[in-house]
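Q: please find the sequence and the predicted model below.
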Number of protein chains: 2
Amino acid sequence: MSDKNNKKVDIVAVAKVARVSASTVSRYFNHPGLLKPATRSRIDKAVRKTGYIRNRAAQTIHGIRSGTIGVLVPTLDHAIFAEVVQAFSDEVDAQGFTILLASHGYDAQREYAILRKMLEHRVDGIVLTGLDHDEAVFQLIDSQSIPAILMWNYAENARYPSIGTDNWRAGQLIAEHILDLGHRDIACMLPPVAGNDRANARQVAIMQTLQAAGVSVRPEWQLTTVYSVAASKRDTIELLQRKTRPTALICGNDVLATGAMYGATAAGVRVSEEMSITGIGDFKGSADIEPPLTTVRIPAKRIGREAGAALSSAIIDPASVSLGVHCEPKLIPRSSSKAVA
Amino acid sequence: MSDKNNKKVDIVAVAKVARVSASTVSRYFNHPGLLKPATRSRIDKAVRKTGYIRNRAAQTIHGIRSGTIGVLVPTLDHAIFAEVVQAFSDEVDAQGFTILLASHGYDAQREYAILRKMLEHRVDGIVLTGLDHDEAVFQLIDSQSIPAILMWNYAENARYPSIGTDNWRAGQLIAEHILDLGHRDIACMLPPVAGNDRANARQVAIMQTLQAAGVSVRPEWQLTTVYSVAASKRDTIELLQRKTRPTALICGNDVLATGAMYGATAAGVRVSEEMSITGIGDFKGSADIEPPLTTVRIPAKRIGREAGAALSSAIIDPASVSLGVHCEPKLIPRSSSKAVA
DNA sequence: AATAGTTTTGCAAATGTTTTCATAAATCGG
DNA sequence: CCGATTTATGAAAACATTTGCAAAACTATT
């Protein structure tokens, strides 16, 4: 409130004002119980007067935790990752951690570079998105002996504890659902799988499940569409203009499914009556679109929370290493899919 | 690759391996030009061998920049903020900064607390979302003499350089558009404005503009709806079930508008023919929904980029303080709005 | 009032870097 | 091959803290 003018206000400046030693001020923050109430309040006043703000950098070089966690995501531009990060951040924030966030845009090189930067900042833990990463990335983390977690996907045998969903299972669930409804003329619209183990697992699962049921997807009905409503709308319109149409369109995620629904509407095809459309994800809004979208729920919020909880406890008590958590995907049948006529 | 086993690998460990002094290793990183090529490559080898990672905390206490920027948003759960943050992050990342991200959930208390934590980490700069903040927040930033930027909103007389759009203008644009189309029976669906200067500015602008044209919105047509497709769908259905219907529904943002479109569809009301619906934001997907949504574009990506550029240049060269950038909102008329019959 | 015990505080060393200053080594012109 | 420059390196101080140890200040007990 008052002495904010003078240059550097460090612990000794506070000490001077409070007429104690620097050590005592340090203790005031770290072990207040050791102080006599009288000195405590004297320091309290001094801190307030000088506007002192602790310097975590200086603490960190004493091996004290930095209080930061590095979070690495492919992008924040997909609402779903933003949601996970939000949940994660809320959770660790409650434990006193702040997140150092960066996105690599599905570029393994950048992921490595960013990870290095985070380690330079001496993060107390690391969260990566997905299971697959460059071996160099894993080795770098290993060499630093800090806890790491793989978020979003789940697999028992992952390199680090993984907290997320089994994307293979998600793909299987939706494919089975469509088969159960009697569909045989099925089209698939999937995102590019390069560098994206989630998308890849879903694709493989869908294809295998259909195959196993004796259904094969015609090559011209296997669409690879970038993650965007616009692209998927366009591709769907194109698909529906051809002579033969599928009775069902399985989309790799809810964004593609949303675009597909718009595309069908634009092409004058009634969704569910004339063609079923499904997504994966159960994003916000998927329940409300008309007709409501059949999808597989991937509990983003829960994943973020669990990951946050697991990582902060691994940091605070290194003995408490989680083995990972499988957040089961769940089929959510809504009206965008229907038994074949 | 090899000696990762031994405990602490610091600059002196590297120095020992390279048979030079610690100072030389420090120079290797900070002023490589001063080194003889031979020693440089010797150190290079040593760094590689020991797996040394620089310790920014130790640098930071020398007054060297921490290389971090604190980013404070209300939430990441709204795709639009995630988009801004992504663009911001990409921009500052290119300048070597990493972001420390946190969300306050529209809680002024938390904003202050988070800001303090960021300052403890000695961030090199701060970005806040929106123009209005607790006076304590401003004072805290002032006392630290680090650059700060207000992102998302723009106003000439803001406390710090602001980079964003004029939300009042955005509200005005959409209201004028609806008036121009001849609508007089107008409903408004707006988010709660508490602690949200953006939403507040839009609301005021819309109401004033309508008022100025002699149009007053009936109280029962002034809906306050939380930011969610589900809520807005529900409220729209409810609205459309009443005896008298508006010919136009102005929504405070594209999420509400999306829900409103779904609600209208669900209620059997054809959008644009029977009722115009508009949003604000031009979110991803708004162009593709059926019918495509009339809205006011708020250039999130550009805002993030410009903010990132402005802040990093203010950090690198304190003389280059931006005065703010107004990213003009722009009316995007699409087919969800139509002249009144 | 003296002793023993406890609580509170300060001193100094330590943390991992950077940087100033000084010195040693290399280079150069003659 | 010598002295004068220039270039490369090291020693030590500085940065803002924490912490082990010991001294000082209290309390309690007799």
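A: It's in. Residues are numbered from 1 along each chain as shown, chains lettered A, B, ... in the order given.

Q: drop to CA atoms for contacts and neighbour counts, all remaining ones
A: Will do.

Q: near chain B, which residues of the stretch 201-341 of chain A show up?
A: In this structure, the stretch 201-341 of chain A approaches chain B at residues A:228-230, A:233, A:259, A:262, A:265-266, A:284-285, A:287-290, judged by CA under 8 Å from any CA of the partner chain.

Q: which pair of those residues spans the longest distance?
A: Greatest spatial distance among those (CA to CA): A:A266 and A:K284, at 22.4 Å.

Q: could I get the residues of the stretch 201-341 of chain A next to chain B as TSV with neighbour count?
A: Converted to TSV, these look like this (neighbours: other CA atoms under 10 Å in any protein chain shown):
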residue	neighbour count
A:S228	19
A:V229	26
A:A230	24
A:K233	28
A:G259	27
A:Y262	29
A:T265	18
A:A266	18
A:K284	16
A:G285	20
A:A287	18
A:D288	21
A:I289	23
A:E290	21
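
Q: what stretches of the stretch 1-150 of chain A score poorly on pLDDT?
A: By pLDDT under 70, the low-scoring segments of the stretch 1-150 of chain A are A:1-7.

Q: how about the stretch 201-341 of chain A?
A: For the stretch 201-341 of chain A (pLDDT under 70), the answer is none.

Q: please enumerate the helices of it.
A: With DSSP state H, counting those that start in this stretch as the criterion, the stretch 201-341 of chain A has helices at A:229-240, A:254-266, A:300-316.

Q: just name the most buried of the ones you listed.
A: Sort the helices of the stretch 201-341 of chain A by mean neighbour count, taking mean count of other CA atoms under 10 Å in any protein chain shown, and helix A:254-266 sits at the top with a mean of 27.

Q: got the contact list for that helix?
A: A:189-190, A:225, A:227-237, A:240, A:250-251, A:270-271, A:277-283, A:286, A:293, A:295, B:285, B:288-290 (CA atoms under 8 Å, 6 or more residues apart in numbering or on different chains).

Q: again with stretch A:163-175
A: Stretch A:163-175 is contacted by residues A:149-155, A:198-199, A:201-206, A:209-210, A:250, A:252, A:278, A:280, A:295-296, A:298, A:303, A:306-307, A:324-331 when judged by CA under 8 Å, 6+ apart.

Q: select only the buried ones of those residues in ChimeraX?
A: Per 16 or more other CA atoms under 10 Å in any protein chain shown, the buried members of those correspond to this ChimeraX selection:
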select /A:149,150,151,152,153,154,155,198,199,201,202,203,205,206,209,210,250,252,278,280,295,296,298,303,306,307,324,325,326,327,328,329,330,331
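
Q: point me to the residue of the stretch 201-341 of chain A nearest DNA strand D.
A: With CA to the nearest atom of the strand as the measure, A:I316 is the residue of the stretch 201-341 of chain A nearest to DNA strand D, at 14.7 Å.

Q: what sits against that residue?
A: Contacts of A:I316 (CA under 8 Å, 6+ apart): none.

Q: and the gap between it and A:L331?
A: Between A:I316 and A:L331 the computed distance is 36 Å (CA to CA, to the nearest Å).

Q: returning to what we had before: export the helices of the stretch 201-341 of chain A to JSON lines and tack on distance to B:H104?
A: Formatted as JSON lines, these follow (distance: least, CA to CA, whole Å):
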{"stretch": "helix A:229-240", "distance to B:H104": "30"}
{"stretch": "helix A:254-266", "distance to B:H104": "28"}
{"stretch": "helix A:300-316", "distance to B:H104": "17"}
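
Q: and the ones you listed: which comes nearest DNA strand C?
A: helix A:300-316 (18.7 Å).

Q: any idea how far stretch A:309-326 is from the chain center?
A: Offset of stretch A:309-326 from its chain centre (CA atoms, centre = their mean, to the nearest Å): 17 Å.

Q: just stretch A:32-39 next, same as before
A: 44 Å.

Q: just stretch A:27-45 next, same as before
A: 41 Å.

Q: residues in contact with it?
A: Applying CA under 8 Å, 6+ apart, the contact partners of stretch A:27-45 are A:14-15, A:18, A:24-25.

Q: of these, closest to A:K8?
A: Closest to A:K8, out of all of those and judged by CA to CA, is A:V14, at 10.5 Å.

Q: in contact with the closest one: list those residues for me.
A: A:V14 touches A:22, A:25, A:43, A:46-47, A:50, A:52, counting by CA under 8 Å, 6+ apart.

Q: now do 7 Å
A: For A:V14, the contact set (CA atoms under 7 Å, 6 or more residues apart in numbering or on different chains) comprises A:46-47, A:50.

Q: kindly report the same for A:S322.
A: A:161, A:310.

Q: what of the one 3 residues further on?
A: Residues near A:V325 by CA under 7 Å, 6+ apart: A:162-164.

Q: what's the neighbour count on the residue in the stretch 151-300 of chain A that DNA strand C sits nearest to?
A: Nearest residue of the stretch 151-300 of chain A to DNA strand C: A:Y160, at 26.1 Å (CA to the nearest atom of the strand). By other CA atoms under 10 Å in any protein chain shown, the residues close to A:Y160 number 21.

Q: and A:A212, by the same measure?
A: By other CA under 10 Å, neighbour count at A:A212 equals 10.

Q: can you name the residues that contact it?
A: So A:A212 contacts nothing (CA under 7 Å, 6+ apart).

Q: coming back round to it: what's the closest of the residues of the stretch 201-341 of chain A next to chain B to B:I80?
A: Scanning these for proximity to B:I80, where the rule is CA to CA, the winner is A:K284, at 13.6 Å.

Q: tell me which element A:A170 falls in.
A: helix A:167-180 (DSSP states H and E).
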